[in-house]
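Visitor: based on what follows, work out the 3D shape:
(one chain, ligands or ions: 1)
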Amino acid sequence: ARQRFTERNLASLKLHNEATESLPGGNTRSVLYSAPFPVFMNSGKGYQVFSEDGHIYTDLVAELTAGLYGHSQPHILSTLQSTLTETGLNLGATTKLEMQHARLLCERFGLGRVRFTNSGTEATLHAIMGARKYTGRRKIVVFGGGYHGACFFFCEGGSAENNVDREDWIIARYNDIEDAKSKIESHATEIAAVLVEGMQGSGPCIVGDHEFLLAVQESARKIGAVFIFDEVMTSRLAPGGLQEIVGLKPDITTLGKWLGGGITFGAFGGREDMMQVYDPRVQGGLAHSGTFNNNTLGMAAGHAGLSQVYTADVAVEFNKTGDKFRKKLQEVSKGTKMTVTGLGTILGIHWLVDGRKELRTLEDRREDKGLLELFWLEMLEDGFWITQRGSLALILGTPEGELDRFVEVVKKFLEKYKTL
Ligand code: PMP
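Guide: Presented below is the predicted three-dimensional model:
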């Protein structure tokens with residue numbers, strides 16, 4: 001299969017070799033590197049992407065969930081075009097665009113106040129800085145398997161050592177109430193914040209139990225730490241994000257990805273008294289800079305998408321479609337080595353050596369690397385663009401027939417390799 005991959009993608013191979021002359025490994029986003037070499041995409045339209053090798057793919061990467069609207073959603077496109085021609089690029093000034101997007105985010109996610117950043121990574125950074133300022137404490141409780149940005153990850157390839165501020169992280173076990181409680185309570189007076197995802201995206205898709213998440217929130221409250229809920233990935237799962245489904249009331253929520261309409265974006269917000277540390281009128285507060293924090297394109301496209309495309313009703317329906325899709329995949333995976341995890345429109349496909357059907361912590365994830373790669377190679381051959389690690393996300397407007405075709409292709413794969 002590897003051999004066929006190389007033969008089918010010779011243009012990508014050539015570009016990859018050229019790219020390695022200026023980029024380490026020919027790559028500038030680790031998650032998009034794939035062995036033996038990455039596919040080079042040339043363009044996208046709607047729910048499809050087109051490779052330099054002339055192949056057409058149904059896009060199930062969806063820019064790691066940020067591509068919710070697809071590649072040319074008409075309303076997003078026309079907003080971007082009119083913003084470019086009528087407003088122009090960044091104005092080096094405060095604009096109505098950021099005000100209107102902020103207002104809508106506050107409404108949708110129940111935030112008292114919100115601030116924008118350039119990425120989800122920065123949203124995490126500022127949420128943490130704000131929590132430290134607010135509490136006067138330093139340590140942060142996070143969970144093994146968590147991913148909160150390019151320098152805040154505790155999953156494969158990451159540990160306290162390769163993150164910034166290594167001495168300040170306390171890492172607890174995900175989905176383990178007792179461990180979380182004991183770690184939080186034993187360092188009570190030092191902890192500024194507890195930072196958690198409702199579903200660990202890099203798992204891919206290790207879903208948090210509701211009781212676990214509620215217990216973590218309660219423990220954080222009990223010791224006076226800030227409860228930060230990372231919804232950078234999960235905000236698309238319901239009109240008010242995953243917190244609405246679970247019944248959480250985070251002190252601070254971090255956001256990103258699709259909420260910029262496909263343009264680089266991040267945001268953090270929540271309790272008004274906590275966000276006040278960022279109010280420039282308040283003496284002794286925190287400065288919060290970022291040249292592109294209020295970039296015109298992201299503010300306009302994000303607002304247009306949230307107000308007119310991904311409305312509350314659409315969000316509910318879209319995630320029902322995702323649930324149906326996941327259940328169909330789970331159905332065909334019965335009695336096989338494949339495990340399907342996820343919520344709504346975000347999914348993870350696993351090939352676990354011990355055949356377990358549920359993932360609860362990072363340690364549960366022992367993938368059969370060979371099968372994982374074989375699956376990726378074969379899905380590509382069948383015209384589906386998925387990540388090599390097995391994460392999938394849906395694009396709005398992808399025909400259900402294409403999702404059903406994926407289920408069929410997976411079924412055939414399972415039959416073909418049932419002896420492996
Ligand atoms: N938090 C979570 C849960 C994420 O999934 C991501 C991105 N994958 C981030 C934070 C970081 O966002 P960004 O890539 O925009 O920096």
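
Visitor: for the ligand, what are the nearby residues on the stretch 251-400 of the chain?
Guide: Residues of the stretch 251-400 of the chain lying close to the ligand by Cβ under 6 Å from any ligand atom are 256, 266. C-betas here are computed from N, CA, C, even on glycine.

Visitor: tell me the mean pLDDT for stretch 299-312?
Guide: Stretch 299-312 carries an average pLDDT of 98.

Visitor: hmm, I was thinking of stretch 38-55
Guide: Confidence for stretch 38-55, expressed as mean pLDDT, is 98.

Visitor: how many residues are close by residue 283?
Guide: Residue 283 is flanked by 6 other residues according to other Cβ atoms under 10 Å.

Visitor: that one should be in a strand, yeah?
Guide: No. Read with DSSP: H, G, I helix; E, B strand; the rest coil, residue 283 is coil and lies in no strand.

Visitor: so what pLDDT did it get?
Guide: Taking residue 283 on its own, its pLDDT is 92.

Visitor: from the ligand, how far off is it?
Guide: Residue 283 sits 31 Å away from the ligand, going by Cβ to the nearest ligand atom, to the nearest Å.

Visitor: also residue 312?
Guide: Distance, residue 312 to the ligand, by Cβ to the nearest ligand atom: 22 Å.

Visitor: what's near enough to touch the residue of the stretch 1-150 of the chain at minimum distance from the ligand?
Guide: Closest residue of the stretch 1-150 of the chain to the ligand, Cβ to the nearest ligand atom: residue 120 (2.2 Å). Each residue near residue 120 by Cβ atoms under 8 Å, 6 or more residues apart in numbering is listed here: 148, 149, 230, 232, 254, 255, 256, 257, 266.

Visitor: residues touching the closest residue to residue 192 other than its chain neighbours, list them.
Guide: Excluding the flanking residues, the one nearest residue 192 by Cβ to Cβ, 6 or more residues apart in numbering is residue 137, at 4.1 Å. Residues in contact with residue 137 (Cβ under 8 Å, 6+ apart) are 189, 190, 191, 192, 225.

Visitor: repeat that for residue 326.
Guide: Neighbour list for residue 326: 340, 342, 347 [criterion: Cβ under 8 Å, 6+ apart].

Visitor: which bits of the stretch 51-200 of the chain sit near the ligand?
Guide: 64, 119, 120, 121, 124, 147, 148, 149, 150, 197.

Visitor: which of the residues you listed fall within helices?
Guide: The members of those that map onto helices under DSSP state H are 120, 121, 124.

Visitor: thinking again about what came up before, between the contacts of residue 120, which has the most around it?
Guide: Counting by other Cβ under 10 Å, top hit in the contacts of residue 120: residue 230 with 32 neighbours.

Visitor: for the stretch 51-200 of the chain, give me the ranges with low pLDDT.
Guide: Across the stretch 51-200 of the chain, the ranges flagged by pLDDT under 70 are 157-164.

Visitor: strands of that one, start to end?
Guide: Using DSSP state E, counting those that start in this stretch, the strands of the stretch 51-200 of the chain run over residues 56-59, 113-117, 139-143, 169-172, 191-197, 199-200.

Visitor: circling back to that earlier point, partners of the closest residue to the residue of the stretch 1-150 of the chain closest to the ligand other than its chain neighbours in the sheet?
Guide: Counting by Cβ to Cβ, 6+ apart, residue 120 lies nearest to residue 256, which is 3.3 Å off, once chain neighbours are set aside. With DSSP bridges as the criterion, residue 256 is bridged to residue 266.

Visitor: next, the contact list for residue 256, please.
Guide: Shown in contact with residue 256 (Cβ under 8 Å, 6+ apart): 66, 119, 120, 123, 232, 233, 265, 266, 267.

Visitor: how about the strands in the stretch 251-400 of the chain?
Guide: Ranges of strands within the stretch 251-400 of the chain are 252-256, 266-270, 338-343, 346-351, 384-385, 391-393, based on DSSP E, counting those that start in this stretch.

Visitor: nearest to residue 170, of the ones you listed?
Guide: strand 252-256 (18.0 Å; Cβ to Cβ).

Visitor: how near is residue 182 to the ligand?
Guide: Computed with Cβ to the nearest ligand atom, the distance linking residue 182 and the ligand is 25 Å.

Visitor: what's the local residue count around that residue?
Guide: 13.

Visitor: again, but for the one 3 residues further on
Guide: Applying other Cβ under 10 Å, we find 12 residues neighbouring residue 185.

Visitor: surely it is in contact with residue 221?
Guide: No. Residue 185 is beyond contact range of residue 221, at 12.0 Å (criterion: Cβ atoms under 8 Å).

Visitor: report the distance from stretch 179-193 to the chain centre.
Guide: Its chain's C-alpha centre and that of stretch 179-193 lie 26 Å apart, by Cα atoms, centre = their mean, to the nearest Å.

Visitor: can you pull the buried residues of it?
Guide: Residues of stretch 179-193 classed as buried by neighbour count (16 or more other Cβ atoms under 10 Å): 179, 180, 181, 183, 184, 191, 192, 193.

Visitor: hang on, residue 325 packs against residue 398?
Guide: No. Between residue 325 and residue 398 there is no contact, the gap being 9.6 Å when judged by Cβ under 8 Å.

Visitor: please enumerate the helices of the stretch 1-150 of the chain.
Guide: Per DSSP state H, counting those that start in this stretch, the stretch 1-150 of the chain carries helices over the ranges 2-8, 10-19, 74-82, 96-109, 120-135.

Visitor: in CSV: those helices, plus distance to residue 356.
Guide: Supplementary listing: the helices of the stretch 1-150 of the chain in CSV, determined by distance: least, Cβ to Cβ, whole Å:
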stretch, distance to residue 356
helix 2-8, 27
helix 10-19, 35
helix 74-82, 40
helix 96-109, 34
helix 120-135, 29
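
Visitor: pick the most buried one from these.
Guide: Most buried of the helices of the stretch 1-150 of the chain by mean neighbour count (mean count of other Cβ atoms under 10 Å) is helix 120-135; its value is a mean of 24.
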